[in-house]
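Chemist: Quick one, fold the following:
(one chain, ligands or ions: 1)
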Amino acid sequence: MQVMESEEEISTKEFVFALADGQLEKAFQMTSIDDSLKTILKQPKNEIILHFPVKLSDGKTKLFKGYRVQHSNILGPFKGGIRFHENVYLNECKALAAWMTWKCALQNVPFGGGKGGVKFNPANYSIEDQEHITRRFTHALGNNIGPEWDIPAPDLGTNSQIMDWMMDTYSNMVPAHEKQAKKGAVTGKSIVCGGSQGREEATGRGIVHCVTQWANENHLPLANATVAIQGYGNVGSNAAQILHRMGTKLVATGDHTGYWRCPEGFNPFKLSEYIEDNGNLEGYPGGEKVSRDDFFATECDIFIPAALELQIGEHEAKLMNCKVVAEGADGPTNLEGEQILADKDITVIPDILANSGGVVVSYYEWLQNKRSEMWDLEDVRSRLELRMKYTYQQASEKAREMRINLRTACYIIALERLQAVYERRGIWP
Ligand code: GLU
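Modeler: Below you'll find the model as predicted:
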């Protein structure tokens, strides 16, 4: 099997890391962060690349390529998702791991940043094969993960079933009497396996809290506000459903199979049912099928990119006709795209804030596992709401005070927290 990436693929993904680095540099210019700390934070601590064989159900053995990048653990164990996607690359994981560091520091949860994945398309493999790939990957990671060291979670192409297999495999690699203490080695598990109420919807719900805060600040009533969502996976669909219950209208959506528009508003529950039956939106019978450009040009109040990184460049930003962009995906807007949005007076609620609800509830799951507790859904939801709204408020005040955008304000809050710890602890020896 071909496991090396092509030149072309490498350069696109390096661009993702260049985006993360460019955002960081902008924040550095606005703060007095120590030079040695800048040097440390610009690169991850560890970059792990694994090749592991899996015997598939057709009897053939295939070699898979997996990654885990551990960016920083100064605030707590490395934390972040695992992607199953054919386009997972090292430089992408490096960017995503750094974004996790800023996300956790911004939300003041005691975690650092990490990210990883396996380079394959799960849609091309049976459930049995996906289980074998997951278990062999977890085995190959070995002691590179653990509840006090590095804690994976769901991301693109993974879900609670994958996390249950990861947790089960990891706990089978430790002595029997330690198994129970290892549940928190992975978050985003199913409830029956030690997951938390409210984890699955948490990223979508967190986006809605940010949008609500932004709407209050800008005196925009959410009832009848119009929404466009790119990507209809866990994040996009949960945000769509919660926003629908608040009276908004989903006027455009789409996934990798195409884009649809419906001025009267889609029923987000029907879209989810369709995906449940068909795997994606291809052939969706409602609304009108439109081009990608028409999708981006849709007039709406709230635009939520909840698909892949680097979706809003110069071209898309010029087309866009919305009031706010709430980044559900990590890194969906490039630097040029962001400048054009700013020139058009479109606010961007950045990924490290907008989509941080997932890792916040992962923290609650990890705490419940540590304490052998089971919190109710209402408890999780109200804690998440308080934390999201508080952090949004802090970022918004910082942005106003310093006359900067929300992204740089979020970076500065995160960097100042990291700096405070480095100042006290110093660099050993
Ligand atoms: N994959 C999610 C993110 O990127 C969740 C991470 C986590 O819960 O650790 O924010």
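Chemist: does the residue of the stretch 1-150 of the chain found nearest the ligand count as helix, strand or coil?
Modeler: Closest contact between the stretch 1-150 of the chain and the ligand, by Cβ to the nearest ligand atom, is at Gly81 (2.7 Å). For the C-beta atoms, the positions are set from N, CA and C on the backbone; glycine is no exception. Under the three-state scheme (DSSP: H, G, I helix; E, B strand; the rest coil), the conformation of Gly81 reads as strand.
Chemist: Tell me what it is bridged to.
Modeler: Ala153 (DSSP bridges).
Chemist: Spell out which parts of the stretch 301-429 of the chain neighbour the ligand.
Modeler: In this structure, the stretch 301-429 of the chain approaches the ligand at residues 330, 355, 358-359, 362, judged by Cβ under 6 Å from any ligand atom.
Chemist: Show me which helix runs longest in this protein.
Modeler: Scanning the chain for the longest helix, with DSSP state H as the assignment, gives helix 377-402.
Chemist: got a list of what the closest residue to Gly116 other than its chain neighbours touches?
Modeler: In space, and not counting its chain neighbours, Gly116 is closest to Arg68: 3.6 Å by Cβ to Cβ, 6 or more residues apart in numbering. Neighbour list for Arg68: 46, 48, 50, 93, 114-116, 141, 144-145, 150, 152 [criterion: Cβ atoms under 8 Å, 6 or more residues apart in numbering].
Chemist: could you flag which of those are buried?
Modeler: With burial judged by 16 or more other Cβ atoms under 10 Å, the buried subset of these is 48, 50, 93, 114-116, 141, 144-145, 150, 152.
Chemist: starting at the chain centroid, how far to stretch 415-422?
Modeler: Stretch 415-422 sits 23 Å away from the centroid of its parent chain (Cα atoms, centre = their mean, to the nearest Å).
Chemist: now stretch 182-192
Modeler: With Cα atoms, centre = their mean as the basis, stretch 182-192 stands 18 Å off its chain's centre.
Chemist: Output the lowest mean pLDDT helix or strand found in the chain.
Modeler: Using mean pLDDT, DSSP states H and E, the weakest-scoring helix or strand in the chain turns out to be helix 7-29, at a mean of 83.
Chemist: Could you report the separation of Tyr411 from Asp351?
Modeler: Using Cβ to Cβ, to the nearest Å, one gets 11 Å for the distance from Tyr411 to Asp351.
Chemist: In the stretch 101-250 of the chain, which residue sits nearest the ligand?
Modeler: With distances taken as Cβ to the nearest ligand atom, the stretch 101-250 of the chain approaches the ligand most closely at Ala153, which sits 3.2 Å away.
Chemist: Name the residues of the stretch 151-300 of the chain found near the ligand, please.
Modeler: Taking Cβ under 6 Å from any ligand atom as the criterion, the neighbours of the ligand within the stretch 151-300 of the chain are 153, 155, 187-188.
Chemist: if we go to 5 Å?
Modeler: Proximity of the stretch 151-300 of the chain to the ligand, by Cβ under 5 Å from any ligand atom, involves residues 153, 155.
Chemist: any chance you could map the strands in the stretch 151-300 of the chain?
Modeler: Under the criterion DSSP state E, counting those that start in this stretch, strands of the stretch 151-300 of the chain are mapped to 226-230, 249-255, 258-266, 288-290.
Chemist: Could I get the average pLDDT for the longest one?
Modeler: What strand 258-266 shows for mean pLDDT is 98.
Chemist: cool, the shortest one as well?
Modeler: Strand 288-290 shows a mean pLDDT of 97.
Chemist: What of the first one?
Modeler: Over the span of strand 226-230, the pLDDT mean works out to 98.
Chemist: Distance from the chain centre to that strand, please.
Modeler: Going by Cα atoms, centre = their mean, where strand 226-230 is centred and where its chain is centred differ by 18 Å.
Chemist: The shortest one now?
Modeler: Centre-to-centre, strand 288-290 and its host chain are 28 Å apart (Cα atoms, centre = their mean).
Chemist: same check, this time on stretch 43-54
Modeler: 20 Å.
Chemist: Kindly export that stretch (C-alpha atoms) in CSV.
Modeler: This file holds the C-alpha atoms of stretch 43-54, laid out as CSV (Å, rounded to 0.1, in the frame of the first residue of the first chain):
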residue,chain,number,x,y,z
GLN,A,43,6.5,23.9,17.2
PRO,A,44,4.8,20.9,18.9
LYS,A,45,6.6,18.9,21.6
ASN,A,46,6.2,15.5,19.9
GLU,A,47,5.3,14.3,16.4
ILE,A,48,4.5,10.6,16.4
ILE,A,49,4.1,8.8,13.1
LEU,A,50,3.1,5.1,13.1
HIS,A,51,2.9,2.4,10.4
PHE,A,52,0.8,-0.6,11.6
PRO,A,53,-0.5,-3.6,9.7
VAL,A,54,-4.1,-4.7,9.9
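Chemist: which outside residues touch it?
Modeler: Contacts to stretch 43-54, defined as Cβ under 8 Å, 6+ apart, come from residues 3, 61-73, 90, 93-94, 97-98, 116, 129, 132-133, 136-137, 139-141, 144.
Chemist: which ones among those residues are found in strands?
Modeler: Using DSSP state E to define strands, the subset of these located there is 61-72, 116.
Chemist: Are any of the residues you listed buried, and if so which?
Modeler: Members of the ones in strands among the contacts of stretch 43-54 that pass the buried threshold by neighbour count (16+ other Cβ under 10 Å) are listed as 62, 64-72, 116.
Chemist: need these in TSV with distance to the ligand, can you?
Modeler: Supplementary listing: those in TSV, determined by distance: Cβ to the nearest ligand atom, whole Å:
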residue	distance to the ligand
Lys62	26
Phe64	20
Lys65	20
Gly66	16
Tyr67	14
Arg68	13
Val69	13
Gln70	13
His71	12
Ser72	14
Gly116	10
